[in-house]
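Colleague: Fold the following.
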Amino acid sequence: MNFKTVTKLFSLLFLASFMSLLINAENYTAYAQSTHTITINNNCSDTIWVGANPKVQSVTIPGQTVTTFGGWEMMSGDTATVQVPLSYNSGRFWARTGCNFMANNMCPAFGPNNNPPANCCDTGGCTDSAGNFTLDCENTGIPPATLAEITFVQNGQDSYDVSMVDGGNVSVDMIPDPSTYDCTSNSNCIFTGNLPGKNNSTCSQDSDCYALFGFGFKWSCDPNLNMCVNPYFCGSPGCTDKKGCAPQGLTQSVLPHSTWGGTTEFAISQANCPADMQMTDTQNQGSTYVGCIAPEKFCRKSCSADGDCGPPYTQDCGNSGFCEKNGTILGTDCDTTIGNTTNGQLWACTGVNAGSCFTLNQNNPDCCGCPDWAPGFPNAFPDGACVAGNNSNWQSNAQPVASVFNDASPTAYAFPFDDAIKLFACEAKAGSVTSYTINFCCINSDGDNVCNNSDTDSDNDCIPDAQETFALQANQQTREIADMNDADGDGIPNAFDLDSDNDGLPDIIDAGGVAFDQDFNGRVDDTTDVDQDGLADIGDPSQGSEAFISPDTDGDGIPDTLDIDSDNDGKTDFEESGGFGDNDGDGLPDDTTDSNGDGFLDIFDPDHGGTPLTLVDSNGDGLPDRLDASDGGGGGCSLAPKGKTPASNLLYLLIPAFLILRRFSRIAKL
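Modeller: All right, here's what the predicted structure looks like:
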């Protein structure tokens, strides 16, 4: 064999090997892109049993082997990595609570008092194909259950939402992974089914949309499409967070605040759920509140035997002929006739009410919907979302019930057709598929998509929680700080309080961060957070930035963020920053109204129409009066420690700007 032949043979072998590698690489890429990844986190304090319908392809939980792909157990703190097909239609995930499965993953044959159990979960129980309640769901869950819903269309646009149409048990957030979706234009980020005013010829700028949909959501105008675009777009969390999660690009305060609030894990608190809609832990015949029954399950259920009283009720059929619990009839009387339907059908959007009030040319006076939270309400087409007209019957009979769920979370839909204005959309980046995170019981105070229990900076003021939590002895100043972890005694811990000493200056400004918070709303302007730890990159050492540290100007052991007299000159920071409205002479504002519970008083909060305090510099030495112990001294906003010269103070003022420029420089190099 001559050299030429050997060379030719070697070339052929090399080409064959290369083609094999190429094919394998292509196959690997195809395999890697063959599913969507959904990460599910159980932030609840108790175990939950997730339900999934349709079944998923795989479930991975560290330390466990999961073989039931229609439902699985997750202990508190567990994370499940779930794979679903590229085409996954009308998928829904929910949390079941208070379950008691046998070894075969089925429910016991009999419940308390030898009655057949409704199911072996307090909320969200599901059945197999034979109708038996089981861990491995073949069908959707029994209300009440808060749902995370999604539809994946291969090579198409995702749509997703959080729904309380099936009632509410635990809180749910659903968030797309920003690294996987494309939101470069409105056409990639909108769902065409939720665009009232799409033919509005007057849409040339955002303000044109406010008159149409000025009820609180800042709809934007796309003049190329000649339409007002729903703010629920790609990258927005569907959620039942305690303050309502803001869509991407909107501040938290733009959306109405949820009322269930606090640290509760329920989507709707017991106090906000009407008494006859409250679900208790019926499987244990207990009285612990576990969720709020769905509107379509609100009507009384007639019965002739205990067996007629199936889920979500207990097994007792009372002398009244209705299902009862401990002698109390469950549900309300739904026999009032509305045209040729009943309130039950009206709430469920069935029968004559099956049509949506948001559908063009519906021309149905009995259409289901048209709530007062609809864009443009009460106007009909073309000035509002209720293009089929206003259904006064629905508004007077069904809306009071649906409002319970809408008030609890304005970004989750409250009745079957509410998704027309509350459905989110995402489109994958080229060569990628979208991935999502579903958080159960995620309390997210600052709306940054990071649950408080994983959030390094729970109020987004760029000061890590660790710096705002203290074990210092109380110090005496104009007033005594009884609890260093709630310096102003307003019931909001410093880590969640944008103004921890209630002096009218946000903590981020007190700490010298005026360059980071130009609008003085108490939160860092650049919220980029690559590692998703809740701390903005601009103040995150792990991302190459300098740590943001609050100074202690007067050296009294109290950081300026907690010190109402930072320079210890006898005048409060409030007084030395142009504060007014102190009639009781304590050196602090008298009006302590804080409507959204973020610790920043409404009178100063620009997001609530307030006027921020000015940074007074009486002698022009570059040091603000509140940090300058000399009589009449200081101005600007400085990180400078006490004793700095004016020149060094000026240099210190430039540090925040330098950090910002350095960050941008680092990004440019990338």
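Colleague: you'd agree Q395 is in a helix?
Modeller: Yes - when DSSP: H, G, I helix; E, B strand; the rest coil is applied, Q395 is found to be in a helix.
Colleague: quick one, what contacts the nearest residue to it once chain neighbours are set aside?
Modeller: Closest residue in space to Q395, ignoring its immediate chain neighbours: C370 at 6.6 Å, by C-beta to C-beta, 6 or more residues apart in numbering. From N, CA and C alone the C-beta is placed, and that goes for glycine too. Applying C-beta atoms under 8 Å, 6 or more residues apart in numbering, we find C370 in contact with C357, F358, F377, P378, C386, A388, G389, N390, N391, W394, Q395.
Colleague: Doesn't C370 belong to a helix?
Modeller: No - per three-state DSSP, C370 lies outside any helix segment and is coil.
Colleague: any idea how far F405 is from it?
Modeller: Look at C370 and F405: by C-beta to C-beta, to the nearest Å, they are 16 Å apart.
Colleague: Ok, V162 next?
Modeller: 11 Å.
Colleague: So in this structure, where's the weakest helix or strand by average pLDDT?
Modeller: helix 646-669 (a mean of 38; mean pLDDT, DSSP states H and E).
Colleague: which of the contacts of C370 lies closest to F93?
Modeller: Among the contacts of C370, F358 lies closest to F93 (C-beta to C-beta), at 25.5 Å.
Colleague: Next one, pLDDT for the residue nearest to the closest one when sequence neighbours are not counted please.
Modeller: Closest residue to F358 apart from its sequence neighbours, by C-beta to C-beta, 6+ apart: A420 at 3.9 Å. Each residue has a pLDDT score; the one for A420 is 75.
Colleague: Kindly report the same for P589.
Modeller: For P589, the predicted pLDDT is 92.
Colleague: Repeat that for the one 5 residues further on.
Modeller: In the prediction, the pLDDT value recorded for D594 is 86.
Colleague: how much space is there between it and G321?
Modeller: Distance of D594 to G321, given as C-beta to C-beta: 50 Å.
Colleague: Which of those two has more residues huddled nearby?
Modeller: When D594 is set against G321 and neighbours are counted by other C-beta atoms under 10 Å, the residue ahead is D594, at 21 against 13.
Colleague: In contact with the more buried one, which residues?
Modeller: So D594 contacts D490, F600, L601, D602 (C-beta under 8 Å, 6+ apart).
Colleague: What is the neighbour count of T60?
Modeller: 12.
Colleague: Do I have it right that it meets A80?
Modeller: Yes - under the criterion of C-beta atoms under 8 Å, T60 makes contact with A80 at 6.8 Å.
Colleague: Identify the contacts common to the two.
Modeller: By C-beta under 8 Å, 6+ apart, T60 and A80 have these common neighbours: V66.
Colleague: And the contacts of C370, which is closest to S577?
Modeller: Proximity of these to S577 (C-beta to C-beta) peaks at F377, which lies at 41.4 Å.
Colleague: so how far is I421 from the closest one?
Modeller: F377 is 10 Å from I421, by C-beta to C-beta.
Colleague: Now for these two: what residues contact both?
Modeller: With C-beta under 8 Å, 6+ apart, F377 and I421 have common neighbours A385.
Colleague: who's more crowded, these two?
Modeller: Each of F377 and I421 has its neighbours counted (other C-beta under 10 Å); I421 has more, 22 against 18.
Colleague: And that one, how far from T35?
Modeller: As judged by C-beta to C-beta, I421 and T35 stand 31 Å apart.
Colleague: In this structure, mark out all the helices, start to finish.
Modeller: Using DSSP state H, the helices assigned to the chain run over residues 3-32, 186-189, 207-213, 343-348, 392-393, 399-408, 419-422, 465-468, 507-510, 646-669.
Colleague: and the chain, what are its domains?
Modeller: 1-32, 337-408, 456-670 (automatic domain parsing).
Colleague: If you average pLDDT over each of the ones you listed, which is lowest?
Modeller: domain 1-32 (a mean of 42).
Colleague: Please, where are all the strands along the stretch 51-200 of the chain?
Modeller: 58-60, 71-74, 79-85, 88-96, 126-127, 133-134, 147-152, 157-163, 172-176 (DSSP state E, counting those that start in this stretch).
Colleague: I463 contacts I509, doesn't it?
Modeller: No - using C-beta under 8 Å, I463 is not in contact with I509; the gap is 11.0 Å.
Colleague: which of the contacts of D594 tops the neighbour count?
Modeller: Ranking the contacts of D594 using other C-beta under 10 Å puts F600 first, with 31 neighbours.
Colleague: Excluding covalently adjacent residues, which one is nearest to it?
Modeller: L498 (4.0 Å).
Colleague: for that neighbour, what are its contacts?
Modeller: Taking C-beta under 8 Å, 6+ apart as the test, what L498 contacts is D459, D461, P506, D507, I508, G522, R523, D598, G599, F600.
Colleague: Roughly how far does it sit from Y289?
Modeller: Using C-beta to C-beta, L498 is found at 31 Å from Y289.
Colleague: repeat for Q532
Modeller: Q532 sits 33 Å away from Y289, going by C-beta to C-beta.
Colleague: Who has more neighbours out of those two?
Modeller: A count of neighbours by other C-beta under 10 Å puts Y289 above the other of Q532 and Y289, at 18 against 14.
Colleague: residues near the nearest residue to G369 once chain neighbours are set aside, how many?
Modeller: Nearest non-adjacent residue to G369, counting by C-beta to C-beta, 6+ apart: C357, 3.9 Å away. Using other C-beta under 10 Å, C357 has 29 neighbouring residues.
Colleague: Surely C357 touches N393?
Modeller: No - contact criterion C-beta under 8 Å: C357 and N393 do not qualify, at 11.4 Å.
Colleague: Nearest residue to L601 in space, ignoring adjacent ones along the chain?
Modeller: Nearest non-adjacent residue to L601, counting by C-beta to C-beta, 6+ apart: D594, 5.6 Å away.
Colleague: Could you report the pLDDT at the nearest residue to D46 once chain neighbours are set aside?
Modeller: Spatial nearest neighbour of D46, excluding adjacent residues (C-beta to C-beta, 6+ apart): S76 at 6.1 Å. If you check S76, the pLDDT there is 91.
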